[in-house]
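>>> My questions are about this predicted structure, shown below with the sequence.
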Amino acid sequence: VSQSRYPAVNIQNNEFLRFLRPHIAANAIKIGTNSTDISITHNSFYEPDGLTTTTAAEHTVIGIDNSTNGSNFNIADNYIGGSAKLCGGNAWTKTGNNNTFSAIRLNATGSSNNNHIYRNFIRNFSYSNSSNAEWQAIYVAGGTANIGSGSGNGNTIGSSAIAENIKVKNNGNNGNVYGIRINSASEVLCQNNSISSIKTLSDSTKYAVNLYGIHKSGSGNIHLSHNLVGSETVSNSLHCSSTCTASNQILNGIHVNGSGSILVTDNIVSHLTNASNTSGTYVGRTHGIYITGGTGNSSEVLRNTVKNLSISSGNDNFDTSLSLGGIVLAGIGTQRTVSYNTVFNLTQNSTGATIAAAIFFEGSKTVRNYVERNFIYNITASGGSAHAGGIGHNRGTTVYAHNIVYLNNSGSARMIGFADYGNSGSDSELYFNTIHIAGTSTAQSFAFFAYTLGNNKILKNNIFSNTRANGTHFAFYSQVDGALKLTSDYNTLS
């Protein structure tokens, strides 16, 4: 459709099948320049026969590409996937060449920008590439968009009740799979969506196939709220299955990059599994919520639940490339707030040197950041060279207040409740935190661990408790010789 003279167009109540071609780029619906005010609703898109491609052409089911004057697009209540209508039957199967795939692609930057994507179902796929082409369920490449809206209007990608509903297999390194991908210079609201039951596979044990539940880049403001990434009940809901011995395989539930204000609230990230088995040169990573950028604007991470994350590989980088993190904030940005989040059941399965942390924080040195009222427990790691921790402070002037960290691990890993790596100017202030370490192990453990002398540390009205038995365990420990820049009052150490 390239509309220049007609009023609103509705495409609804249709079945689209066998519309892709093995040797050329193809769409079921393609909306081009000069098109506005179009609704695509209540349609089924499916592939009953399977497809073997012969060229590396791009395939898009619903494609809207009007970056000149497009607006008022409505994509709702469609079913994409399977071999029958309503995503039914066997999986939509594609083999052969290397084909980028988008179920819904929106690039519309008109003046009103009133674009909506909601209540769509994208599921039941088995998709194989000869190299590393990208696969994305929903892709907003430009324009303002509401992806999901109020309760009951979110999009469903995969299935939160069963495993491996969407499988993407690559035979090349560093391919990316996205549930929802946003790369827009305009503001996007993404809420009440479910992204579950996605498995990435590789033809080679060396190759990485990265997986992102929700991925945002570009300069537009972003608000992510009330999304389910993974499953509350089904293990391995987002699963990178390649052992990936010669590359860096990334599995992130929510990944936010770029400038613009960042607001991540009330989301659940659960049951993410990364089989990456790298060490040394290569760094596999699993992060529940990963935020970098936010330059010039604030970042807020509020009331999220991150749980049941695991990875098999390890590295001992105490920075934002750590192998396992619940909530990770990288870079500088401006003011950042991480509050009222719950992080638990993080499992680092590597036996080598590795670090797992519930919250790892970097922020600006010129404004005061806040990490407050978070609840952290059951962070575990394997192996005598492993570290499992509650909160890591790496960079930025930051207040840590009213957090609760409870670590009870009787394994061979070192346990650290709060790790302060702050250098000069990255001052830390701790008020009214409760940090308790329990269990039985000969491996050392620390409720508070000071790694550097460079920053100012203020500790007041905290409880640092360590009752771990057998071995050497500390409520407060400084690794470096010399006087700390420390102000300490009314703390309880036991």
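Ah, there it is.
>>> Give me the number of neighbouring residues for the residue lying closest to Thr68 once chain neighbours are set aside.
Excluding its sequence neighbours, the residue lying closest to Thr68 (Cβ to Cβ, 6 or more residues apart in numbering) is Thr33, at 5.7 Å. To be clear about C-beta, it is placed using only N, CA and C from the backbone, and glycine gets the same treatment. Using other Cβ atoms under 10 Å, Thr33 is surrounded by 13 other residues.
>>> how about low-confidence regions in this protein?
Applying pLDDT under 70 to the chain flags the ranges 1-7, 110-113, 279-280, 294-297.
>>> Tell me where it has helices.
Applying DSSP state H to the chain gives no helices.
>>> rewinding a little: quickly note the distance from the residue nearest to Thr68 to Asp65.
8 Å (Cβ to Cβ, to the nearest Å).
>>> Wait, the residue nearest to Thr68 touches Ala108, no?
No: proximity of Thr33 to Ala108 does not meet the contact threshold set by Cβ atoms under 8 Å, at 10.7 Å.
>>> Look up the closest residue to Ser310, ignoring the ones flanking it.
Of all residues not flanking Ser310 in the chain, Thr347 sits nearest, at 4.2 Å (Cβ to Cβ, 6+ apart).
>>> Thr380 is in contact with the one you found, correct?
Yes: Thr347 is within contact range of Thr380, at 5.3 Å (criterion: Cβ under 8 Å).
>>> Can you check which residues contact both of the two?
Each of Ala356 lies in contact with both Thr347 and Thr380 under the rule Cβ atoms under 8 Å, 6 or more residues apart in numbering.
>>> More neighbours: the two, which one.
Ranked by neighbour count (other Cβ under 10 Å), Thr347 and Thr380 place Thr380 first, with 22 against 19.
>>> That one touches Arg414, doesn't it?
No: under the criterion of Cβ under 8 Å, Thr380 makes no contact with Arg414, lying 11.7 Å away.
>>> what bridges to Ile147?
Counting by DSSP bridges, Ile147 is bridged to Ile117, Cys190.
>>> Just to check, it is in contact with Tyr139?
No: taking contacts as Cβ under 8 Å, Ile147 lies outside contact range of Tyr139: 10.3 Å.
>>> Between those two, which is the more surrounded one?
Each of Ile147 and Tyr139 has its neighbours counted (other Cβ under 10 Å); Ile147 has more, 27 against 22.
>>> Pull up the gap between the more buried one and Ile80, please.
The gap separating Ile147 from Ile80 is 15 Å, by Cβ to Cβ.
>>> just Ala185 next, same as before
From Ala185 to Ile80 the distance is 26 Å (Cβ to Cβ).
>>> Please apply the same query to Val399.
Using Cβ to Cβ, we find Val399 at a distance of 46 Å from Ile80.
>>> Compare these two (neighbour count), which wins?
Looking at Val399 and Ile80 with other Cβ under 10 Å, you find the greater number of neighbours at Ile80, namely 25 against 16.
>>> which residues sit in contact with that one?
45-46, 61-62, 87, 103-104, 120-123.
>>> One more pass at 10 Å, please.
By Cβ atoms under 10 Å, 6 or more residues apart in numbering, Ile80 lies in contact with 16, 28, 43-46, 61-62, 87, 92, 103-104, 120-125, 137-138, 157.
>>> what's the answer for Tyr490, then?
Contacts of Tyr490 (Cβ under 10 Å, 6+ apart): 431-432, 459-462.
>>> where's it relative to Asn461, distance?
Taking Cβ to Cβ, one finds Tyr490 at 5 Å from Asn461.
>>> The residue lying closest to Gly150 once chain neighbours are set aside: neighbouring residues, count only.
Distance criterion Cβ to Cβ, 6+ apart; nearest residue to Gly150, sequence neighbours excluded, is Asn192 at 7.0 Å. Neighbour count for Asn192, taken as other Cβ under 10 Å: 20.
>>> Isn't Asn192 up against Asn153?
Yes: the criterion here is Cβ atoms under 10 Å, and Asn192 meets it with Asn153 at 6.1 Å.
>>> Return every residue with contacts to both of the two.
With Cβ under 10 Å, 6+ apart, Asn192 and Asn153 have common neighbours 118-119.
>>> list the residues that contact both of Thr33 and Ala108?
65-70.
>>> Looking at those residues, which is nearest Ile198?
Taking Cβ to Cβ as the measure, Ile198 lies nearest Asp65 of the shared contacts of Thr33 and Ala108, at 25.4 Å.
>>> returning to what we had before: any chance you could list residues touching both of Ile147 and Tyr139?
Here Ile147 and Tyr139 have 104, 106, 180, 182 as joint contacts, going by Cβ under 10 Å, 6+ apart.
>>> For the last one, the count of nearby residues, please.
Neighbours of Ile182 under the rule other Cβ under 10 Å: 26.
>>> Show me the beta-bridge partners of it.
Beta-bridge partners recorded for Ile182 (DSSP bridges): Val140, Lys216.
>>> so who does the residue nearest to Gly390 when sequence neighbours are not counted touch?
Sequence neighbours aside, Val405 is the residue nearest to Gly390 in space, at 3.5 Å (criterion: Cβ to Cβ, 6+ apart). By Cβ under 10 Å, 6+ apart, the residues touching Val405 are 343, 358-359, 374-377, 379, 389-391, 416-418, 433-437, 447, 464.
>>> Asn257 too?
Asn257 touches 183, 215-218, 290-294, 330-331, counting by Cβ under 10 Å, 6+ apart.
>>> quick one: Val209 and Thr243 touch, right?
No: using Cβ under 10 Å, Val209 is not in contact with Thr243, being 11.3 Å away.
>>> what is in contact with the two at once?
202, 249.
>>> Who has more neighbours out of the two?
Neighbour totals were compared for Val209 and Thr243, and Val209 leads with 30 against 21 (other Cβ under 10 Å).
>>> can you tell me how far that one sits from Glu58?
19 Å.
>>> Is it correct that Lys169 is in contact with Ser241?
Yes: using Cβ under 10 Å, Lys169 is in contact with Ser241, at 9.3 Å.
>>> need the contact list for Ile24.
Residues in contact with Ile24, defined by Cβ under 10 Å, 6+ apart, are 53-55, 57-59.
>>> 6 Å instead?
For Ile24, the contact set (Cβ atoms under 6 Å, 6 or more residues apart in numbering) comprises Ala57.
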